[in-house]
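Student: fold the following and give me the result.
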Amino acid sequence: MFLVFLGGFVSAQLGGIENRIDDTRDNVEGNITAVREFTERDRWNFIGSQWKEFLLKNKFIAGVDAFFSKISVVFVILFAKSWELSIEMLFVFMLWLFTVLSLYGYFFFFKAKGIRWIGSVLGAVALAQAKVFYFISAGMYKLVFLKNGYWWNFLTFIVCIGLIVLYLKINKVISKQLEKTRKKRDEHEKDVEFKEVKAFQKGMIQGQG
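Tutor: So this is what the prediction gives:
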């Protein structure tokens, strides 16, 4: 019986040791992953801080940064992002602005320009609050600094700016085409209506004659 008890005790201890080994391995793997994530995040933060430090050497930029920092709540409302002097903020602002301009083109069915602008701004704010611009800008920022090198950083930055401008151009082309299609349809409907009225009037005259 003692041997059975001893065997059971040893088995339980080995099982406990095995579980502790598994837990330790999981903890080590988790810690390694956490360190990697921290290192990656720290790298982006360091790169961003270097750019900001360089730009803030300019007195005008420093003054603008100080002013915008005081009204950061406005940026949170409009862009769903606190003000910061960064490339990500530039991407977010351009995406927001070009979305407003794009929506203005799509809202051609509103005759009042004021309503078109209000609708466009509200639409852009809604997309911003949904974090659409944030995720796109974050992806572009990582692409720009994916590799360390002046030419890579510069060329990918230009490409990202070009893509945002292309986004506006495509929307303008589509919205203008939709507006032309709507005008042609309205003109066709008016023409058909005019012909029907003329035919009706002609029938009335012939009936009276």
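Student: I'd like the domain boundaries of this protein, if you could list them.
Tutor: Structural domains assigned to the chain are 1-55, 59-181, following automatic domain parsing.
Student: check which helix or strand the residue lying closest to Ile77 once chain neighbours are set aside maps to.
Tutor: Setting aside the residues directly before and after it, Ile77 is nearest to Val125 in space (Cβ to Cβ, 6 or more residues apart in numbering), at 7.4 Å. (C-beta placed from N, C-alpha, C; glycine too.) Using DSSP states H and E, Val125 sits within helix 113-129.
Student: ok, residues contacting that helix?
Tutor: 77-81, 92, 96-97, 99-104, 107-108, 110, 133-134 (Cβ atoms under 8 Å, 6 or more residues apart in numbering).
Student: deepest-packed of the domains of the chain, please.
Tutor: domain 59-181 (a mean of 15; mean count of other Cβ atoms under 10 Å).
Student: mind listing the helices for the chain?
Tutor: Here the chain has its helices, by DSSP state H, at 2-55, 59-70, 72-79, 87-106, 113-129, 132-144, 150-208.
Student: go through those helices and find the least confident stretch.
Tutor: Of all the helices of the chain, the minimum mean pLDDT falls on helix 2-55 (a mean of 50).
Student: just to revisit the earlier point, quick one: the helix holding Val125 to helix 72-79, angle?
Tutor: Angle between the axes of helix 113-129 and helix 72-79 is 100 degrees (criterion: axes from the mean of the first three to the mean of the last three Cα atoms, to 10 degrees).
Student: now do helix 113-129 against helix 87-106, angle only.
Tutor: Put simply, helix 113-129 runs at 140 degrees to helix 87-106, going by the same axes, to 10 degrees.
Student: for helix 113-129, output the C-alpha coordinates as PDB.
Tutor: Listed next in PDB are the C-alpha coordinates belonging to helix 113-129 (Å, rounded to 0.1, in the frame of the first residue of the first chain):
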ATOM      1  CA  LYS A 113     -24.400  74.500 -51.200                       C
ATOM      2  CA  GLY A 114     -24.600  75.000 -47.400                       C
ATOM      3  CA  ILE A 115     -26.400  71.700 -47.000                       C
ATOM      4  CA  ARG A 116     -23.900  69.900 -49.200                       C
ATOM      5  CA  TRP A 117     -21.000  71.200 -47.100                       C
ATOM      6  CA  ILE A 118     -22.600  70.300 -43.800                       C
ATOM      7  CA  GLY A 119     -23.400  66.800 -45.100                       C
ATOM      8  CA  SER A 120     -19.900  66.400 -46.400                       C
ATOM      9  CA  VAL A 121     -18.300  67.400 -43.100                       C
ATOM     10  CA  LEU A 122     -20.600  65.200 -41.100                       C
ATOM     11  CA  GLY A 123     -19.900  62.200 -43.400                       C
ATOM     12  CA  ALA A 124     -16.100  62.700 -43.000                       C
ATOM     13  CA  VAL A 125     -16.500  63.100 -39.200                       C
ATOM     14  CA  ALA A 126     -18.500  59.800 -39.100                       C
ATOM     15  CA  LEU A 127     -15.800  58.000 -41.000                       C
ATOM     16  CA  ALA A 128     -13.100  59.500 -38.700                       C
ATOM     17  CA  GLN A 129     -15.000  58.400 -35.600                       C
END
